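[1] Just need the structure, nothing else, for what follows:
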Amino acid sequence: MTLFDIHTHTPHNINCDVYSYKYIENTFPDKFNDMLGTHNYFSCGIHPWYASNWRYKLALLEEIANNNSVLAIGECGLDKVRGLSIDLQINIFKAHIKISERVQKPLIIHCVRAWDMLLSICKESKPTQTWIVHGFRGKPMLAKSLALSGMSLSFGGVFNSESISVTPIDKIFLETDDSDIDIFDVYNKVAGEMNISIDLLANKVEDNVKKVFGRIV
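    Here you go, the predicted model:
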């Protein structure tokens, strides 16, 4: 059985011999060629915090997006606390949406205090590709709204327990992001909150990964 880490900046082996481990490492358009060949699976996009020289990076992403090693576009998104002006962030985010739709790959989303904007853009865009809000720590009401809009949620080592309980299991992914936590520990914590076995959770997450990311399984 395999545990999937769908968003990590710092991949590391799991502390468990029972499960195998696959991960999608996040990288940036201007770093992708240096990373290529280190392993098989990446997400690539322009993070709102690191969007300087964004026109150049977006042009690179247009070329990179078709690479078979790129399983998802992003992380990208909206951050009202840090980054460029929110209007410019929206334009860059919408460019990512277009790329995601063109290459038919899911979108990994970073969102901070811009949830109404994100929901509005989703409604306007009517995406055919899955949108995954990574590192979700929000409250259950927000989790419900995002799920109802069609988005999936990826949970890491820190999360709102009630949000886990209200998120449909077919919209749940797990990740380590930039933390030191082991993906096995994330599965263990989430399974405990859901009152199910790790094996059952792993099977459900694998089904979701197979549906959204395809060939990683």
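[2] need the strands for the chain, in chain order.
    Here the chain has its strands, by DSSP state E, at 2-8, 20-27, 42-44, 70-79, 107-112, 131-133, 152-155, 172-174.
[3] buried ones in stretch 25-44?
    The neighbour-count check on stretch 25-44 (16 or more other CB atoms under 10 Å) flags 25, 26, 27, 28, 29, 32, 41, 42, 43, 44 as buried. The C-beta positions use only the backbone N, C-alpha and C, and glycine is treated the same way.
[4] For those, work out which two are farthest apart.
    Taking CB to CB as the measure, these reach their widest spread between 29 and 41, a distance of 16.5 Å.
[5] Remind me what the helix or strand of the chain with the lowest mean pLDDT packs against, helices and strands.
    One helix or strand of the chain scores below all others by mean pLDDT, DSSP states H and E: helix 32-35, with a mean of 93. Helix 32-35 makes packing contacts with strand 42-44 when contacts are defined by 3 or more CB pairs under 8 Å, 6 or more residues apart in numbering; DSSP states H and E.
[6] again, only using 10 Å
    Counting contacts by 3 or more CB pairs under 10 Å, 6 or more residues apart in numbering; DSSP states H and E, helix 32-35 is packed against strand 20-27, strand 42-44, helix 54-64.
[7] and the ones you listed, which is most packed in?
    strand 42-44 (a mean of 25; mean count of other CB atoms under 10 Å).
[8] Give the pairing partners of that strand; include direction for each.
    On the basis of DSSP bridges, the sheet neighbours of strand 42-44 come out as strand 20-27 (parallel), strand 70-79 (parallel).
[9] got the angle between the shortest one and strand 107-112?
    This points to strand 20-27. Interaxial angle, strand 20-27 versus strand 107-112 (axes from the mean of the first three to the mean of the last three CA atoms, to 10 degrees): 70 degrees.
[10] for the last one, same thing?
    Here strand 70-79 runs at an angle of 20 degrees relative to strand 107-112 (the same axes, to 10 degrees).
[11] Report the mean confidence score over strand 70-79.
    If you average the pLDDT over strand 70-79, you get 98.
[12] Sounds good, over and out.
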